[in-house]
Structures are given as structure tokens and as C-alpha cells.
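Student: Whatever this is, show me its structure:
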Amino acid sequence: MTGIRFAFCLHSHQPPGNLRENFENAYHHAYRPFLELLRRHPQMKVVLHYSGALLSWLQANHPRFLGMIGRFVARGQVEVMTGGYYEPILPMLPERDQIGQITKLTHRLEGLFNTRPKGLWLTERIWEPALAGPLSRGGVRYTLVDDNNFQRAGIAGEHSLGHFTARSPTGESIEVFPISSGLRRAIPFESPEAVLDLLRSLAGEGDRLVLFADDGEKLGDWPGTHQRVYEQGWLDRFFRLLASNRDWVHVTTLGEFVEQVAPLGPVDLPAGSYAEMMEWSGGSWRNFLSRYLESNLMYRKMLRVSDAVAGMAGSEQQEQARDHLYRGQANDPYWHGVFGGIYLLHLRTGGHRSLQSAENLAAPGDGLRIEETDLDGDGQEEALATSKTLNCYLHRTGGQIFELDHRPTPWNLLATLTRRRERYHDQAGDGAFDWYPRRALIDHFLRDDTSVEGFARCQYGEQGDFVNQPYSISIERRRAGANLIMRRDGGVWVSECFLPITVTKRLGLTEGSPEINVEYCLQHSGREVLPLWFATESSFVLSSGNAPGRHYQISSLQTSPPLDATAAYAGISEFGLVDECLRCRVRLQFGEPTTLWTFPILTLSHTLEGLKRSYQGSCVTAHWRIELRPDQPWCTSFRISLETIPSAAQEQESAAPQGDAPPVGSLEL
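Tutor: Down below sits the predicted model:
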């Protein structure tokens, strides 16, 4: 055969828990217009992939759209591909979850469209050689990998026009197709005629194939593309050109091609992804787990929960727990490229919420369990306290709480984000960046000129060496509870002298209680009285910084400031962070009145509208000016309570009259 075979593939995905307007915009600007255009070109064949999260949303909101796909599939115009149901990065999952996610989507596609998919869409097109085995065992015949990976394996140009056999170390194999980077750059930004010229330059003798594969959102939902692709008719012109040149451009699906044409040979592809991802990640997607500790912590929590769910064999709730786990494996909040990712609060907290929902079913937390294990993989053990009401994870670095889950909600109140310098920040010219992670119970000794504004921008004088240095952790068991004791023998600069100071903090946990009793003791063994300014900082994240129903609750104020307020409050005995949407409140009760600073953690990140500041959490810092006397500890205490607040309906019910009491307002005086 003289000419070229051409395959056109689109991958469409919306993260589980994404904003409804994002789903709707993509549907109206990209997904629906594409199928409507395809209906006018019956000679055009395409390969389509829709993630499980998007399929579920489409079935609930636009079921006729799925009916259109089914009709295209029935007449052979559309081939559908499987993948991980909730779009996980497959190499990061245990094999049981890799196969489980693939099988879940395959079964969903069989039920919807009465077809068994042969191909698989690799999330973010991230390939690792070990994938060939689980993909094959998951029933996958072929997948797609970017051509730069083939080039690194020594396969380029006309030698790459087809498909190859990738083999696993254990002998399984699947077929792999190279995605043309030239077509990805050209469609839809060059003219349709220029794209046809590119296809013509690749034509020749034999069964050559060139593959275009890219995001479905690129054709209509990216800025300016709906007008270009549909209103100005780019895609209609391109499909017409393909039809008028079908004597040498032979449109095919990938499933047809693997059935009709033998592979060009074996290939051992290196780990990799598309060129942009390789640049963002520094050569390997796994680098995001090192660059963003928040990503690593969520990843490590995911592995822990996966083991717990796997241990539910025989439980009636295992399937429900597994679906929560799979949602928590969705790739979007684990990394950051040009847009969003881990910087999107609703995706990051949604991932944690899904994982916690799975853990609630798999490990309900009866009693109070304390485990010492290296959860984050940094080479040192953390202390993990779990009960029915909360998870409280302690890190030796800084002696801090790094995960605090209110299990009934379920919500990780410490799923905050450290403010990091990204490459695009040079465009903004300003911004605040952190030199330590935002967690809970961070110990500071402040310089006298520190202000709440300077502290909020991380531009202040730190006089101690406690913020990011190691603490010891010991455990005292007691009846129906335990004390976790963190201690550091460090030092503080006073004038020109660096003087030894010991900080001890004791966390009291009780079985079944959603409260943490915190006691601080500071002491030194010198001869002089030391004037110190001590502070303990905690950053909590709720669902929004200033939406209705999200606010601070302060006993001495009649107003309720929003969670993104920057302020100083004196004489505080009780303080709360309230989220009426989550029906959750964090209550702080101090043994003696204290002064509090509050400020929002704001990051500057890319969005489709440009650089945007986003709320990532609320920092609450209690501080005391003290005189530390020799051999006389200074101590203070407070309580952290995680509470479920009643809904409006519950409040009305509790306020309703009981028994024969007359309704309020009906008494005659």
C-alpha cells in the first residue's frame, strides 16, 4: 500500500471532585461539539478515551451524550479505550490497584457501549518498563507512548511509523504506538493544509501509521480554541481534507491496525512521558514526590490505605472502600505543571478526603492505637495515633503534627501547602515563600521587632533552633489513652549569646475523644532570667478562606472574621475555625488568655486566566512574652477540639418545643 495510515485519538478527563463549572465548560466547548461534528463526517474514524470520573458525570448530567458515543461505536466509527478509572499515574500504584482500576473502567465501557476495549490510555502518558506486565494481565492489547521515548530507545523517523512490542521482565508483552509530537504541535494551531502536508511527508510504501493523540479539551476548552476549532471551522476543514485525500491517507482506528498489521519489532522503552512533563518534573514524574512533601505524604497515605483496603477481603464494604481509594489515587493533586495540580485546594483536599473515607471503612479505629513507623520514607520513624474520631500523626522534625484528620467529616485539617518559589513567580515580582512546612505546633522564639505582617510573609527574626530541627518522641500509656511527649534540647539567641533551652510538649489523647490536650514547658539551667517571646504556630485548612459559612469564631468578638483575615487578637481564651459547609469546627481553648495572630496562606500559581492567588489554609499563632527563670519551668496549656457542628435542620429540630410546652412567642403575658 502506498500512502500513510492515520489514527486520530482524543483523551478527555475531569478530576473527581472538580468544580461543576469546569465539567460544564468542557462539555459545551469541547466534548459535545466534537461529537456533533463527527456525526457530519461518517467517513472519519477516531479513537476516544473518557476517564471514569468524566463518564460518571456525563451519565448523571448528559446521558444522551453517551448514547451518541454508543451509536458511533456500534457502526465502527469510534473505538473506545480503557485506562485507570480515576486517572491515576499507574506506575505509582500497587499492582493490585493498577489492574483493579483498569478492570473497573473496562467493565464500565462494556456496560455502556457493548464493546471490550483493546487499548489503554496512559495517564499523563507516563510509561515505565514494568507496566507491560500488569497491563497485559489487565487485558490490555496496546497503549500509546510519546515518540520522544522511542527516540531515546533509538527509534525515530520512518522507523517509528507503526507499533512495537514491549515486553515485561516476567515475559508478558503489549503493543505500543508512538504519538507524533509533530502532529501534537500542529493540531489545531497550524492550518489544516499544513497538517496534511506533514502527513504527505511521511507517506511511503508499506503499512505505515502515524498517530495523533492529545487531550480532548485541547479542541475547544483551551483558551481561544473553541472559536478556532469550531466557529472558524478548523476541524471541519481538516476532516474534509482527509476525506478528499483518502486515496493516500487511510484513516484507521488503532484496534483495526493491531489486528491487521504485525508489529515492527520489540522495543525496550525507557521510563518517560511527554516532553513538557519531562521538563516540569526534571526527567521523572516521581521527582514530584521529592519536590512537594505534601504530594509525598498523600502518596504514602494512599499506600497505607491501599494495604488496609486489601485486607478487607470478605467484607461487604470492601467495594465501597476500594472506590474511595481509587478516587484518592487520581493523579491531579499529586503534581504540578503549568496549571493547577497540587495548588488546587479542592483537588488536594478532595484526594485526602477520599483516602480518609476509604480508611474509615477499612480501619475504623476502634480504641486508641499508636504506631511508630516511617510513613513518609525519610529514614526516621513517625508516631501515628489513630482512634475512631481522629488521626494525629507526629513528625520528629520540629516535633510537629503533620496530619490531623477529623474522621467523622472526614477531613485532613493539615492538608495545607508550603509556599514555594516556582519558575513563573519571576513574572509576578512579589510573593511570600516559606522556609519550613506549614504544619501544627511549630515552635518559634521571635525577635522583638516581629509583626503579624512580617511573620505572615516569613520575613521576621527567628531566635531559636526549634522550627525544623529534630525532637525526641516518647509515649506514655495510660488507661484509655496515652501521652505523646516531644522534647528538644536546643537553644535561643538572647542578645549576643546562644543559650540552651529545653522545649517539652505533651499531647494527651483519650480513646474515643476528638480532643488533644497540649501542654508546653520551657526551661533553662542558666543563672539569669531570660526575656523570651515564645510562639506556637498551627496552620489549618478548611474548604475556603472567605466563602459564606467559613469564618473564625472568637468569644470576645461579636463579628465572625473570614478565614483569610490577617489580624491580631488579645486576651483570647477560646477561638474557633468554623466551616459550615463541612459541618466542622476546630476549637482552641487556652488555660489562660493569650494573644493570637491569624493570616491566610496564599500561593501564586498558574490558572487558565493567568497568575492567581489562592487560599491554601489559615495560620493561627498563639504567643506569649515570658521571663524564663533558672530551674523554674514556664508552662502553658490549651486544648484542640475537633467538632462536628449541627446542620441548620438539626439546629431547628433541637430548638423545637418539647412535650406540652407552647411554641416560642405564643405565651400570653
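
Student: rest of the way, CA atoms for contacts and neighbours
Tutor: OK.

Student: Flag the shaky bits of this protein, pLDDT-wise.
Tutor: Within the chain, the stretches falling below the threshold (pLDDT under 70) are 1, 427-430, 608, 648-669.

Student: Indicate each strand paired with the longest strand seen in it and its parallel or antiparallel sense.
Tutor: When the chain is parsed with DSSP state E, its longest strand is strand 584-607. The strands that strand 584-607 pairs with in its sheet are strand 567-579 (antiparallel), strand 610-628 (antiparallel), strand 634-644 (antiparallel) (by DSSP bridges).

Student: Give me the buried positions along the longest one.
Tutor: Translated: strand 610-628. For strand 610-628, a neighbour-count test (16 or more other C-alpha atoms under 10 Å) marks 611, 614-624, 628 as buried.

Student: How about the secondary structure of Gln553?
Tutor: strand (DSSP: H, G, I helix; E, B strand; the rest coil).

Student: quick one, helices of the stretch 151-300 of the chain?
Tutor: 181-186, 192-202, 225-226, 234-244, 254-260, 275-281, 287-291, 293-310 (DSSP state H, counting those that start in this stretch).

Student: quick one, which of the ones you listed is nearest to Glu21?
Tutor: For those, distance to Glu21 was read as C-alpha to C-alpha. The smallest value, 16.4 Å, belongs to helix 225-226.

Student: who touches that closest one?
Tutor: Contacts with helix 225-226, where a contact means C-alpha atoms under 8 Å, 6 or more residues apart in numbering, come from His29, Ala30, Pro188, Lys218, Leu219, Gly220.

Student: Now render the residues you listed as a markdown table, adding distance to Ala363 and neighbour count.
Tutor: Putting these into a markdown table (distance: C-alpha to C-alpha, whole Å; neighbours: other C-alpha atoms under 10 Å) gives the following:
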| residue | distance to Ala363 | neighbour count |
| --- | --- | --- |
| His29 | 43 | 20 |
| Ala30 | 42 | 23 |
| Pro188 | 49 | 19 |
| Lys218 | 41 | 20 |
| Leu219 | 44 | 27 |
| Gly220 | 44 | 26 |
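
Student: Just put the strands paired with strand 584-607 in JSON lines and tack on distance to Ala330.
Tutor: As requested, the strands paired with strand 584-607 are exported to JSON lines (distance: least, C-alpha to C-alpha, whole Å):
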{"stretch": "strand 567-579", "distance to Ala330": "25"}
{"stretch": "strand 610-628", "distance to Ala330": "20"}
{"stretch": "strand 634-644", "distance to Ala330": "28"}
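
Student: right, and these - which one's nearest Gly138?
Tutor: Proximity to Gly138 (C-alpha to C-alpha) singles out strand 610-628 among the strands paired with strand 584-607, at 38.1 Å.

Student: Report the backbone C-alpha coordinates of the closest one in CSV.
Tutor: Once side chains and other backbone atoms are set aside, the C-alpha atoms of strand 610-628 remain, and they are given as CSV (Å, rounded to 0.1, in the frame of the first residue of the first chain):
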residue,chain,number,x,y,z
GLY,A,610,-3.2,33.7,34.3
LEU,A,611,-1.4,34.0,37.7
LYS,A,612,-3.8,33.9,40.6
ARG,A,613,-3.5,33.9,44.4
SER,A,614,-5.2,31.0,46.1
TYR,A,615,-6.1,30.2,49.7
GLN,A,616,-4.3,27.2,51.0
GLY,A,617,-5.0,27.4,54.7
SER,A,618,-5.3,29.6,57.8
CYS,A,619,-2.4,30.1,60.1
VAL,A,620,-3.2,30.6,63.8
THR,A,621,-0.3,31.5,66.1
ALA,A,622,-0.5,31.9,69.9
HIS,A,623,2.3,33.7,71.6
TRP,A,624,3.5,34.8,75.0
ARG,A,625,6.1,37.2,76.3
ILE,A,626,7.7,35.5,79.2
GLU,A,627,10.6,35.7,81.7
LEU,A,628,12.2,32.3,81.9
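
Student: centre of the chain versus that strand, how much separation?
Tutor: Here strand 610-628 shows a centroid-to-chain-centroid distance of 23 Å under the convention C-alpha atoms, centre = their mean, to the nearest Å.

Student: 78 is where my numbering starts, stick with that
Tutor: Understood, numbering begins at 78; the last thing we discussed is strand 687-705.

Student: I would like the residues contacting stretch 322-337, please.
Tutor: Among residues not part of stretch 322-337, those counted as contacts by C-alpha under 8 Å, 6+ apart are 79-85, 121-124, 155-156, 195-196, 240, 276, 280, 319.

Student: Can you list which of those residues are found in helices?
Tutor: Leu276, Leu319 (DSSP state H).

Student: Can you tell me the closest non-neighbouring residue to Leu654?
Tutor: The spatially closest residue to Leu654, leaving aside those adjacent along the chain, is Tyr629, at 4.7 Å (C-alpha to C-alpha, 6 or more residues apart in numbering).

Student: What of Phe289?
Tutor: Nearest to Phe289 is Phe85, by C-alpha to C-alpha, 6+ apart, at 5.1 Å.

Student: isn't that neighbour right up against Val124?
Tutor: Yes. Proximity of Phe85 to Val124 meets the contact threshold set by C-alpha atoms under 8 Å, at 6.2 Å.

Student: Please say which of the two ends up with more neighbours.
Tutor: Residue environment comparison for Phe85 versus Val124 gives the larger neighbour count to Val124, 22 against 18, counting by other C-alpha atoms under 10 Å.

Student: list the contacts for the residue nearest to Phe289?
Tutor: Residues in contact with Phe85, defined by C-alpha under 8 Å, 6+ apart, are Lys122, Val123, Val124, Leu288, Phe289, Ala290, Val328, Thr330.

Student: Present those as JSON lines; the columns should include distance to Gly418.
Tutor: Written out in JSON lines, the entries for these read as follows (distance: C-alpha to C-alpha, whole Å):
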{"residue": "Lys122", "distance to Gly418": "33"}
{"residue": "Val123", "distance to Gly418": "29"}
{"residue": "Val124", "distance to Gly418": "26"}
{"residue": "Leu288", "distance to Gly418": "28"}
{"residue": "Phe289", "distance to Gly418": "25"}
{"residue": "Ala290", "distance to Gly418": "22"}
{"residue": "Val328", "distance to Gly418": "35"}
{"residue": "Thr330", "distance to Gly418": "32"}
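
Student: In strands only, show me those.
Tutor: Counting by DSSP E, the contacts of Phe85 contribute Val123, Val124, Leu288, Phe289, Ala290, Val328 to strands.

Student: Break down the stretch 478-627 of the chain into its strands, ranges please.
Tutor: In order along the chain, the stretch 478-627 of the chain carries the following strands (DSSP state E, counting those that start in this stretch): 488-489, 519-522, 549-555, 558-571, 574-587, 592-600, 607-617, 627-631.

Student: chain center to the fifth one: distance?
Tutor: Relative to the chain's own centre, strand 574-587 is displaced by 34 Å; criterion: C-alpha atoms, centre = their mean.

Student: buried ones in that strand?
Tutor: Using 16+ other C-alpha under 10 Å, the residues of strand 574-587 that count as buried are Leu576, Ile578, Thr579, Val580, Thr581, Lys582, Arg583, Leu584, Gly585, Leu586, Thr587.

Student: hang on, isn't the third one packed against Met563?
Tutor: No. When contacts are counted by C-alpha under 8 Å, Thr579 is not listed as touching Met563 (10.6 Å).
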